[in-house]
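Participant: Quick one, fold the following:
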Amino acid sequence: MSKNLWQGAWRGRQPDGDIHKRARNVITPSGGIVRGKFPSRKNGRMVHHEGLLELEAIYLFEASANIVRYREQPLTLHYPDGAKLRRYTPDFELVLTTGEIVLIEVKPVSSLGHDDVQHKLNCVAEHMRRSKMPFVILTDEVIRQEPRLSNLRWVYHRARRIPPSPDAMTVAINKIRHCLPISIAKATAMLRTTCIDPFSQLIALSDIDPCSLLLAGHLRCALDQPISLETLIELNTEADNGWFCIAQEQGF
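Facilitator: Model prediction:
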């Protein structure tokens, strides 16, 4: 498994992320799969996706404060299937805040009903277990939970493309802390000022928005109702373990 820890930053039209070569490239497109690229802020580069379900999974990865980075089709491994040795390429590799690496397979529930698909994934999961490599199958039932998915899209597209610095976010949190819980609209209005941080450096809080603080894991809000500017946000504590979980048993 890849052990690389990479860093990336999005700078307008000039992304500065890791140079990633996918372990498997699709040469001849087949079926009705929608393939494309997603401008990942966490990775500082365009991330390939194969199908809308993978694209929707990417929104979860981007919004989860428990996930530091991720890569698509990161490696190809070999697993035993009876007397045969077969190849498998996971859809994604996640790096968690704990440093743990998790391999991800994105698969519709309908596909799991096929005996050949289920057999393959059972063999892969058993190989991962023996190799002590965390492996999670994310289905459409998990990824497409509503209104969670739509809410995360809403937050992601309203957050600034270039995340604020940690110091700037600390100043912003301290400015609104005494008012929490507060609506997204009111928090946005409060941050449209200029403040001086403890190091006497001017920070333009207008460059910081509540949605960026949500994505960074500093704030949280309920995701079981459609989100709006009137949605209340509150401080996210360490005990909260993030503002939502994708696979809680795996720590993200």
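
Participant: quick one: Leu152 is in a helix?
Facilitator: Yes: the assignment for Leu152 by DSSP: H, G, I helix; E, B strand; the rest coil puts it in a helix.

Participant: count of residues packed around it?
Facilitator: Leu152 is flanked by 23 other residues according to other CB atoms under 10 Å. Bear in mind the C-beta positions are built from the backbone N, C-alpha and C, glycine included.

Participant: Over to the one 4 residues further on?
Facilitator: Other residues within reach of Tyr156 by the criterion other CB under 10 Å amount to 17.

Participant: for the helix or strand hosting it, which positions count as buried?
Facilitator: Under the criterion of DSSP states H and E, Tyr156 resides in helix 148-158. Across helix 148-158, burial judged by 16 or more other CB atoms under 10 Å covers 148-149, 151-152, 154-156, 158.

Participant: and which of these is nearest Asp91?
Facilitator: Leu149 (17.4 Å; CB to CB).

Participant: picking up where we left off before, distance between the helix holding Tyr156 and the chain's centre?
Facilitator: 12 Å (CA atoms, centre = their mean, to the nearest Å).

Participant: quick one: Leu53 and Val109 touch, right?
Facilitator: No: taking contacts as CB atoms under 8 Å, Leu53 lies outside contact range of Val109: 10.5 Å.

Participant: More neighbours: which of those two?
Facilitator: Leu53 (20 against 11).

Participant: before we move on, which element is that one in?
Facilitator: Counting by DSSP H and E, Leu53 is found in helix 52-63.

Participant: Next, the angle helix 148-158 makes with that helix.
Facilitator: Counting by axes from the mean of the first three to the mean of the last three CA atoms, to 10 degrees, helix 52-63 lies at 60 degrees to helix 148-158.

Participant: Off-centre distance for helix 52-63?
Facilitator: 7 Å.

Participant: same for it, what does it pack against?
Facilitator: Under the contact definition 3 or more CB pairs under 8 Å, 6 or more residues apart in numbering; DSSP states H and E, helix 52-63 sits against strand 35-40, strand 45-50, strand 67-72, strand 92-96, strand 101-106, helix 140-143, helix 148-158, helix 210-215.

Participant: Okay, and the beta partners of the residue nearest to Arg177 when sequence neighbours are not counted?
Facilitator: Nearest residue to Arg177 in three dimensions, chain neighbours excluded: Leu235, at 6.7 Å (CB to CB, 6 or more residues apart in numbering). Listed by DSSP bridges, the beta-bridge partners for Leu235 are Leu219.

Participant: on that earlier part again, for the helix holding Tyr156, packing partners?
Facilitator: For helix 148-158, the packing partners by 3+ CB pairs under 8 Å, 6+ apart are helix 52-63, helix 210-215.

Participant: list the contacts for Val109?
Facilitator: Contacts for Val109 were tallied using CB atoms under 8 Å, 6 or more residues apart in numbering; they are 139-141.

Participant: got it, and Asp224?
Facilitator: Asp224 neighbours (CB under 8 Å, 6+ apart): 147-148.

Participant: Now the phi/psi pair for it, please.
Facilitator: Note on Asp224: its backbone torsions stand at phi -90, psi 0 [degrees, to the nearest 10].

Participant: separation between it and Pro147?
Facilitator: 7 Å (CB to CB, to the nearest Å).

Participant: which residue of this protein sits farthest from its center?
Facilitator: Centroid-distance maximum for the chain: Ala83 at 37.5 Å, with CA atoms, centre = their mean.

Participant: buried sites along stretch 229-248?
Facilitator: Buried residues in stretch 229-248 (16+ other CB under 10 Å): 231, 233, 236, 242-244, 246-247.

Participant: Next: stretch 214-223.
Facilitator: Within stretch 214-223, the residues scored as buried using 16+ other CB under 10 Å are 214-221, 223.

Participant: And for stretch 91-99?
Facilitator: Of the residues in stretch 91-99, 91-96 count as buried by neighbour count, 16+ other CB under 10 Å.
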